[in-house]
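Peer 1: Fold the stuff below for me.
(2 chains)
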Amino acid sequence: MGLLSLVTFIPVFGALIVLLIPRQNEKAVKIVSAVITFIPFVLATYMWGQFNYTMSGINNEAQFQFVQHFKWIPAYNIEYFIGVDGLSFPMVWLTTLLSFLAIIASWNINKAVKGYFALFLLLETGMLGVFVSLDFFLFYIFWEVMLLPMYFLIGIWGGPRREYAAIKFFLYTLLGSVLMLIVMLALYFNVKDPVTGGHTFNMLLMMDQSNHSGWLLGVDVRLWLYILLFIGFAIKVPIFPFHTWLPDAHVEAPTAISVILAGILLKMGTYGLFRLSYPIFPDVAVKTAYMLAVLGVINILYGAFVAMAQKDLKKMVAYSSVSHMGFVLLGMSTFTDAGMNGALFQMFSHGMITAMLFLLVGVIYDRAHHREIDGFGGLAVKMPIFAGVATLAFFAALGLPGMTGFIAEVMVFIGTFSVYRTLTILAVLGIIVTASYILWTVQRVFLGKLNPKYENISEISGRELFTLVPLGILVILFGIYPIPILNLFRASMTHLINLIP
Amino acid sequence: MITLALYIWLLPLLAFTIQIFLGKRLPRKGDWVSVSAIGISFALSLILFIRMLSNYSPDFQVTASVPWINIGQFKIDMGIYIDNFAIVMLMVVTTVSFLVHVYSIGYMAGDPLYNRFFAYLSLFSFSMLGLVLFDNLFGIFVMWELVGICSYLLIGYYFEKDSAANAGKKAFITNRIGDFGFLLGLLVVFTAIGSFNLSDVYQGVAQGKLSGGLLTAAGILLFCGAIGKSAQFPLHVWLPDAMEGPTPVSALIHAATMVAAGVYLVARISFMLSFDAMLVVAYIGGFTALFAATIAITQNDIKRVLAYSTISQLGYMIMAMGVGAYSAGFFHLVTHAMFKAGLFLGSGSVIHAMHHAMEKTNVHEDPNDIRLMGGFKNKMPATYITFLVFTLAISGIPFFSGFLSKDAILGGTLAFAMSQSNPVHYLLPFFGFTAAIITAFYMFRVVIKTFYGEPKRPDLYEHIHESPKVMTVPLMVLASLSIFIFYTLPSFNPISAEQGWYEQLIEKPASAVSAQLGYPVLEISEQIEHSAHVNGMMISILFALTGIALAFLFYFWKKVDVEALTEKIKPLYTLSYHKYFFDELYNATVVKGLLAWNNLLAWFDSNVIDGIVNGSAFIMRHFSSFTGKFDLGFIDGLVNAVGDLTQDVGQSVRKIQTGQVQYYILGALAGLVLIIVTVLI
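Peer 2: Okay, here's the model as predicted:
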């Protein structure tokens, strides 16, 4: 069995093991889950060591790494086809890291422990599967596998309005899935495998325009399919105006689930655009690029403005995600080296930074049992270490140089400025608004006189620090020296840019 | 040489790392780590400085760089660039920083976060030195933001005070507004030239890759960064509030070094400023010089007077850059760093004593208020004498450093006005000379109110003591560095630095813009330059003396009834006292406007957008309940017959639908395992 399959399926086998542990032994459930999620992380790190930076992937099977490719359901030409390239591997690595940290952050779950951890492990396989699949059908299955555990994790272990949030998340995402399904079938019936002559779900074959049927080459058809697929992914990103499920889902979800939701799930939207929309419909992508850039700028500014008005700390962080994902959209709309790599870097960077922010909100919620920004004050007096780590994470989010967010934003700006000047100026305005809402939040929570209610609040625990410190180190390390990450992207992004007419 | 520079730069970073993680556990809370790191940096800078003097060549430069980011067409190299200009700046930064470190041992003694204070000072020194050393605009921008964060952290050092927390936030956000322009300027430059490296940019501009309106725009946009950092009008509002930080910080960051970074930046990019851009720079600087000085007159908080004075002096430097008097502006940066750091540390010494006296007498008033002082010269002789030296320097009295540099700026400004056909440009020397009188006046107002006359509060006065040696010795060092001789050597001429090492080694860089034909270029003839300098010098000495005499008339001999005069010009007084109401204006428009706009969008988000989502869900629910009834009444009737048949099957299937999650999970898992198994077989 290939390394990549191991990474993908170890969590789900772990879920089976967890289900076999007696219900009373909650400690064992947690420890087994931690060990199980740590293994894929170690394997993924090993794969990073083996990764060949010159191989581009995207539409060329020979250029993919850790490939496994064989027939699965021959009757419909459905294949088990997985592999990674510079686009997907960073996401795979990030997923394994965040999943492990999220398990540690779930240590204080005490309701239906077995169910929670089993679902979580199933979710991890779903996410990894999405990133490694190169067969559309397989991709779709993993996409759905990921959806179900998420629904339950929010709906059962969430906050007071969890059912509303879970249903909203589920229906919204389901709508996206349906649109994706339509496009998938349309492609399946209109793409021919040049070797066998049959229909195919193979993404790479779909990317070759010469395999498209006459119907699929029609201008209108391509545009409509692109738009349907785009909305499917836009819901996930989320792109304005499809974003309102996000704040609700985040506010209700338990901490670790918010981490996964913001850190990984949001990236699947933009990943899908990179992986499927761009290479399959490059001509439409170019034609609609300006719209994408406009949506990106709307996300950046709208998210930032609305974030500033929030009274709930978690909602504030959720809207900041909307804003930060805008940079990904803006960067990827440019088809320039700096813009595309910057967009991908922002996906990676935001995954780490937003994970830190949600973990920090969790720490504070576990102690204060509320998230009203105005209900704190002066916490730095009693929790200096926590305040230090939080300030670091918030600075990272406002794009302070020396951390990853800055590199990503500047790359996006550089890439964009030569293409859309006015839009870039508007987007750069976002950095002022971002600084404002972040510093204002830091002040209201940590600075000023200590709120007497929190006279006895306890400092961040060792376990909580353990979830935050690795991310903090990576954010700084890759912020000063982004080369290891950029090297991963480079070949694939250069190749993808060349595919665009 | 590059290695030496790297040590100078990185030692404070090392000290920061040690301090932030281990500081609390080290003996003396680790102050010696930070102090010795910057001490060594200072010694190494001195070596560089001596080498520069032994070379004695204006063209001296060393540079080295390594590739940093390289993807496709997007490349950035990072490197160090050392020329005379950078070496002098290194000297300024390390000297002031070292003295402030030493002074802080006394000033911050007993502070609960003592180690963190030194950690921040070290981080600041690292960032500031990096800003000086980088050879490219991108690196400069990175360090520019880092000094901003250090400033934020140190202004808000007493974070339990709301005013301190507010001031830190205000400083950072105001600077971000300036940085918005800076960043756009960087984008314009990079898009046109494809590099951030200063020498590449020089080549690019000279070859005309960036020209015309875009070149002017790039210059002005980059200058926006300087408007923020150097607190120039209209972004000056943050600096007075920044005085909430501990006084050593005000001396180091908000007087001597960080705020001067804006001037440094303009100097570094002066080669690419078009004539129009230079005019903008000159007018912003000149106006700020006068504008801030008129506010300083009426303030009663000793640090706020100094803050407005800093804004005003920075205005001088910026104006000098704008009129092409590049070396004069930078000269003033150097001399100002010494005497203004001295003024702040001196005021710190006074505040320290006041604080102490207030604790003794259990008085809770503002220790910064000059209305509570008076007669301190007998109690604090060292502080008094050094403070007087700094005041004479800033007022522009011969034999002191400030005279040399200020005179150079005023002369340069006058020369510029004389060389222009448009008489409107005489406004610039007008700003400069008027500000000079006011400067001498308000500085001596502070000296007289603090050190001369009868004690206003005998109860406090009784407990006023001179500060410890660790604080007064840095003052003495800075005072001696405010004497002309350090800047005129090898000549001993007290009224001209022309033969001194500084004027010989720091030359105006050639403009890259002049290489592009068809753009107006600033040219000032020797003759005009000479006559402007002679006249300028006469006027500036006269004006400085007038200002001092007025101050003595008003506050020492009391020949003028200040209260009555204040009443007579009440509206003007109120405007100045309330800083022309800029804080109120910004609050009412920008801050309130932004908050209202945010709330509007948030309302739109949760009511309109989410309303549509929830609304469509509502419609769907009702539609389905209608179809459900239709289903039940009509179609179901038909189906029921079939239903009976399937009921038995249904009964058995129902058992799966238990509503218990683990069964659902098991189901999903079983499905997935089935997939895997099929795959593997």
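Peer 1: quick one: average confidence on stretch A:347-358?
Peer 2: Across stretch A:347-358, the average pLDDT comes to 95.
Peer 1: Let me fix that, I meant to ask about stretch B:229-239.
Peer 2: The average pLDDT within stretch B:229-239 is 91.
Peer 1: anything in that stretch near chain A?
Peer 2: No: using C-beta under 8 Å from any C-beta of the partner chain, stretch B:229-239 stays clear of chain A, with a minimum separation of 11.9 Å. C-beta here means a position set from N, CA and C on the backbone, and glycine is covered the same way.
Peer 1: Pull the residues that contact that stretch.
Peer 2: With C-beta atoms under 8 Å, 6 or more residues apart in numbering or on different chains as the test, stretch B:229-239 has contacts from B:144, B:148, B:167, B:170-171, B:174-175, B:177-178, B:226-228, B:254, B:258-263, B:265, B:284-285, B:287-288, B:291-292, B:307, B:310-311, B:314-315, B:317-318, B:579, B:582-583, B:586.
Peer 1: Taking these, please make a PyMOL selection of just the buried ones.
Peer 2: A single PyMOL command selects the buried members of these (16 or more other C-beta atoms under 10 Å in any protein chain shown):
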select buried, chain B and resi 144+148+167+170+171+174+175+177+178+226+227+228+254+258+259+260+261+262+263+265+284+285+287+288+291+292+307+310+311+314+315+317+318+579+582+586
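Peer 1: Within reach of chain A, which of the contacts of stretch B:229-239 are there?
Peer 2: By C-beta under 8 Å from any C-beta, the members of the contacts of stretch B:229-239 lying near chain A are residue B:177.
Peer 1: okay, residue B:111: pLDDT?
Peer 2: 85.
Peer 1: what's the helix or strand for it?
Peer 2: Secondary structure assignment for residue B:111, by DSSP states H and E: no helix or strand.
Peer 1: Spell out which parts of the stretch 151-300 of chain B neighbour chain A.
Peer 2: B:152, B:156, B:159-162, B:165-166, B:168-169, B:172-173, B:176-177, B:179-180, B:183-184, B:187-188, B:190-191.
Peer 1: Also the stretch 501-650 of chain B?
Peer 2: Close to chain A, as judged by C-beta under 8 Å from any C-beta, the stretch 501-650 of chain B has residues B:594-595, B:597-599, B:601-602, B:605-606, B:609-610, B:612-613, B:617.
Peer 1: Backbone dihedrals for the single nearest residue of the stretch 301-450 of chain B relative to chain A, please?
Peer 2: Chain A sits closest to residue B:364 of the stretch 301-450 of chain B, with a gap of 16.7 Å, by C-beta to the nearest C-beta. When quoted as degrees, to the nearest 10, the phi and psi of residue B:364 stand at phi -120, psi 80.
Peer 1: Give me the contacts around the strand or helix carrying residue B:75.
Peer 2: Counting by DSSP H and E, the element that carries residue B:75 is strand B:74-83. Strand B:74-83 has contacts (C-beta under 8 Å, 6+ apart) with A:336-338, A:341, A:411, A:414-415, B:1-2, B:5-6, B:9, B:48, B:60-70, B:133-136, B:138-139, B:195-199.
Peer 1: And the next helix or strand past it?
Peer 2: Following strand B:74-83 in sequence, per DSSP H and E, is helix B:84-107.
Peer 1: Could you pull out the helices in the stretch 401-501 of chain A for me?
Peer 2: A:404-417, A:421-446, A:462-480, A:483-499 (DSSP state H, counting those that start in this stretch).
Peer 1: still on that earlier bit, name the residues of the strand holding residue B:75 that are buried.
Peer 2: B:74, B:76-83.
Peer 1: what two of these are the furthest from one another?
Peer 2: Greatest spatial distance in the buried residues of strand B:74-83: B:74 and B:83, 28.0 Å, computed using C-beta to C-beta.
Peer 1: Find the closest residue to chain A in chain B.
Peer 2: Nearest to chain A, among the residues of chain B, is residue B:72, at 3.2 Å (C-beta to the nearest C-beta).
Peer 1: quick one: that residue and residue A:339 touch, right?
Peer 2: No: at 10.5 Å, residue B:72 and residue A:339 do not qualify as touching, with contact defined as C-beta atoms under 8 Å.
Peer 1: The two - which one has more neighbours?
Peer 2: residue A:339 (29 against 14; other C-beta atoms under 10 Å in any protein chain shown).
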